[in-house]
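**Student:** Provided below are the primary sequence and the corresponding predicted coordinates.
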Amino acid sequence: MKIQWTLIGWVSVALSGCAAQSKTQPLSPNDFPTLARVEYVFECMQKHGGQNYDNLYHCSCALDELAKRMSYQEYSEAVVFTKLRSMPGEAGGVFRDPPQADKLRAKLKAAEEAAEALCFVK
């Protein structure tokens with residue numbers, strides 16, 4: 001039962017955001033809630049080898065760059081479409097099939113690649 005409610009929550013987040021898309025609005029890097037910023041930075045630090053000041057700096061930079069390229073609404077929808085894309089069956093179709101799903105996943109990937117190139121100098 002708990003899994004169903006979690007799935008319903010993700011679906012409603014994804015679909016409510018898709019329905020709410022309208023005219024292009026100027027992006028504000030400050031429209032990302034603190035919790036979303038913290039989650040992103042923790043996931044990024046884990047991906048890059050763990051929690052240390054170097055990763056904290058680079059991952060914070062990456063999020064700031066990502067936030068310049070996407071609104072929080074777009075980002076949150078893209079994350080849902082990306083993370084739940086591999087769900088099997090009809091339930092997964094909700095995350096694989098909408099036309100905006102591919103567009104948002106591509107936008108997120110491009111924003112993350114740009115942020116990675118800018119913030120993680122090799």
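**Tutor:** Received the coordinates, thanks. Residues are numbered from 1 along each chain as shown.
**Student:** now the element after the host helix or strand of residue 64, going C-ward?
**Tutor:** Applying DSSP states H and E as the criterion places residue 64 in helix 53-69. The element immediately downstream of helix 53-69 (helix or strand, assigned by DSSP H and E) is helix 72-83.
**Student:** tell me which residues in that next one are buried?
**Tutor:** Burial within helix 72-83, assessed by neighbour count using 16 or more other C-beta atoms under 10 Å, is assigned to 72-81. In this view, the C-beta of every residue, glycine as well, is placed from N, C-alpha and C.
**Student:** so which elements touch the one helix or strand residue 106 maps to?
**Tutor:** Assessed by DSSP H and E, residue 106 sits inside helix 99-119. Identification of packing neighbours for helix 99-119 by 3 or more C-beta pairs under 8 Å, 6 or more residues apart in numbering; DSSP states H and E yields helix 53-69, helix 72-83.
**Student:** run through this structure and note the low-pLDDT ranges.
**Tutor:** Low-confidence segments of the chain, defined by pLDDT under 70, span residues 1-30, 84-97.
**Student:** thinking again about what came up before, what angle sits between the helix holding residue 106 and helix 72-83?
**Tutor:** Relative orientation of helix 99-119 and helix 72-83, computed by axes from the mean of the first three to the mean of the last three C-alpha atoms, to 10 degrees: 100 degrees.
**Student:** show me which residues of helix 99-119 are buried.
**Tutor:** The neighbour-count criterion (16+ other C-beta under 10 Å) identifies 100-101, 104-105, 107-108, 111-112, 115-116, 119 as the buried residues of helix 99-119.
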